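Undergrad: Here is a sequence with its predicted model. Questions after.
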Amino acid sequence: MQPDELMAVAASFDQTLRYGAQTPFNDQLAGQWEAGMWEVDSTHNSLVTVANGGTRPARTEFTILYNHSTGHYRIAKELAPDEGVLLDFGHLIRDQISDSDGHALPPDLTMGAYRIKDLSDPGRGSLYEGKVIVEKTYGHAHYGCAECCGVNPEAVSMLYNPLAVGVGLSFGQTVQAPNECEPSDIENITGDFSNWGTDDGSIATVKPAAQVNGIKAGTTTHFASGDVYAGEGHAINHQCPQDFLEPQAGTNVQVPTSLRVVNVSVLPNGSGPPNGCPGSQNYGVKIDIKYQVLDQNGTPIQSASMTPHENGTFFTGGGYDGNIGPVTGYPTSSATTAADGTFHDVPFGICQSLPISSPGLTATQHITIIMPDGSVPGVRTQTFTVTAPGSQSFGHGSISNSIGDISAQR
Amino acid sequence: MRIALVICLTVALSGLGNAQAGSPDRIIRRIVEDGISEGHDQKVIGRLGDASAVFVTKILSDKNLNSQTIDNVLEVLRGSFADPAFVADASDREPRTALLLLKYLDISTSDAVLKKRIADTRKYLQDKYTASLSR
């Protein structure tokens, strides 16, 4: 309530004027409400109702704030469309009713504030609130006017800017903004934006909403538009405005171009998977190589939808052609990349019962990445050499590649 | 007894094709006869399960067993049953021919240490199969 503003209030007292009730009017829907003073003592009580005025269920969080907002009493409840809940503050305090976290309000508590949040849709929201203040002794009834809390329209942004997505892949974007009443509270308001697009549909598209799809290598801009509750305002004056907002962000469409070696580990000695060389074939070495898929700019492609494939020649001669994973018995192996765009080539190497004389045994490997759209870009070609010369190499072996970024010994 | 087992195991070999580079037959023959295993081998034999024992039996049918060969066979069997759930042919997920082969290997040696490794491999196969049933 601002100075000089008028507020409509419904009031009713009995014939003796001893018992009365007052309530301000409110017909505004919002995703968050912040309300000032409530009173509970021997002569006053406060009753607040919260209801869902939307068409979808709303996960509602009602928080009573006390002791200068250091104390929180939280009630979480899902409200169906048109469903409401009545909170009798006097009953909660007097009967020591536990909240959703098992806490009770202090028995001597007499005043505080409260907050209501629509956790299902903090941006637009569908909650409305009403209150009744009861006083019994000719005194004054006090109540704080609830303020609806929208987001700060000046600070609406895309979470990923620029957003990187591989060719033939999709990546979900998020629109976010700080809450006007609690600036440290960053709200996900993606659901408030129904219109999405890009500046160049040959590079990337957005379909369905918030899902950015890579079409071909390049850069463009993607954008969204929608009406969002912005700013803060007093519900009684219908000052909880909607703003038309159009956030945008850069888009980099990535093509697998190379691999970075993340780490190389020598598999332990022992018989059978997941081990490397057994005691009966104790010359040589087998390793686990972890790779990161990089794009044309050397940036990691973060996607779990890429299938590493290989062809080449064995250390012992002859050719192979197949997917790098999965390999049974080796748990780090997988058919596709992990969500961060990494994968393991395991087990790699050779073990044998006799020494491997210099210059050693060599194997070639050409790695490609099978993308969801069927494209198969090449990312690495290398030759491996394994040596374990002489009987003194029993239990040992060395492996290295022609690129120079893989070298291991046991 | 030994001859009878070999005859029994070789009955199922008629359907196996000729070796190709990277084929199961070629890979298993290299491991068993030459004592050489490549990392790529597991991608092939890990999907064979009990079928690997049939390949091994074919390879052993004309050979005298020594401890190195027996150890090499144990490697093939362990690799083949590393995770029976991934064996391509569901009928090969249970170690039947493999257990018969292990029995044959056991009576083929008097080396106590080697007999222990054979027994350990038998338990490994049975444990892996049991574990695959509970998933």
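TA: Thanks, I have it. Numbers count the residues shown, from 1 in each chain, chains lettered A, B, ... in the order given.
Undergrad: Neighbouring strands of the one helix or strand residue A:148 maps to in the sheet, and parallel or not?
TA: Assessed by DSSP states H and E, residue A:148 sits inside strand A:147-149. With DSSP bridges as the test, strand A:147-149 is paired with strand A:32-39 (antiparallel), strand A:232-234 (antiparallel).
Undergrad: So the residue nearest to residue A:150 when sequence neighbours are not counted: helix, strand or coil?
TA: Distance criterion CB to CB, 6 or more residues apart in numbering or on different chains; nearest residue to residue A:150, sequence neighbours excluded, is residue A:229 at 3.6 Å. (C-beta placed from N, C-alpha, C; glycine too.) Following DSSP: H, G, I helix; E, B strand; the rest coil, the label given to residue A:229 is strand.
Undergrad: same check, this time on residue B:54
TA: helix.
Undergrad: so it touches residue B:96, yeah?
TA: No - contact criterion CB atoms under 8 Å: residue B:54 and residue B:96 do not qualify, at 10.3 Å.
Undergrad: neighbour count winner among the two?
TA: For residue B:54 and residue B:96, the more surrounded residue by other CB atoms under 10 Å in any protein chain shown is residue B:54, and the numbers stand at 22 against 13.
Undergrad: Tell me how far that one lies from residue B:89.
TA: Applying CB to CB, to the nearest Å, one obtains 11 Å for the distance of residue B:54 from residue B:89.
Undergrad: Kindly report the same for residue A:249.
TA: Taken as CB to CB, the span from residue A:249 to residue B:89 is 50 Å.
Undergrad: more crowded one of these two?
TA: residue A:249 (18 against 11).
Undergrad: What does the pLDDT read for residue A:319?
TA: Per-residue pLDDT puts residue A:319 at 92.
Undergrad: chain center to the longest strand that chain A contains: distance?
TA: Longest strand in chain A, counting residues (DSSP state E): strand A:356-370. Between the centre of strand A:356-370 and the centre of its chain there are 41 Å (CA atoms, centre = their mean, to the nearest Å).
Undergrad: how about it: buried residues?
TA: A:356, A:360-361, A:363-365, A:367-370 (16 or more other CB atoms under 10 Å in any protein chain shown).
Undergrad: just stretch A:373-389 next, same as before
TA: Neighbour-count burial for stretch A:373-389 [16+ other CB under 10 Å]: A:377, A:379-380, A:382, A:384-389.
Undergrad: Now do the domain split for chain A, please.
TA: As given by automatic domain parsing, the domain ranges for chain A are A:9-149, A:153-228+A:243-253, A:258-409.
Undergrad: Worst mean pLDDT among the ones you listed?
TA: domain A:9-149 (a mean of 80).
Undergrad: which residues of chain B score low on pLDDT?
TA: Counting by pLDDT under 70, chain B has low-confidence residues at B:1-21.
Undergrad: tell me which parts of it are close to chain A?
TA: Residues of chain B lying close to chain A (CB under 8 Å from any CB of the partner chain) are B:21-22, B:26, B:30, B:34-40, B:42-43, B:46-47, B:68, B:71-72, B:74-75, B:78-79, B:82-83, B:86, B:117, B:121, B:124.
Undergrad: Now intersect the residues you listed with the strands, please.
TA: Reading strands off the residues of chain B next to chain A with DSSP E, I get B:36-38.
Undergrad: Most neighbours among those residues, which one is it?
TA: residue B:37 (31 neighbours).
Undergrad: Using the three-state scheme, assign residue 63.
TA: No chain was given, so I picked chain A. strand.
Undergrad: count of residues packed around it?
TA: 19.
Undergrad: now swap in residue B:115 and tell me
TA: Neighbours of residue B:115 using other CB under 10 Å come to 15.
Undergrad: ok, now which ones touch it?
TA: B:106, B:109 (CB atoms under 8 Å, 6 or more residues apart in numbering or on different chains).
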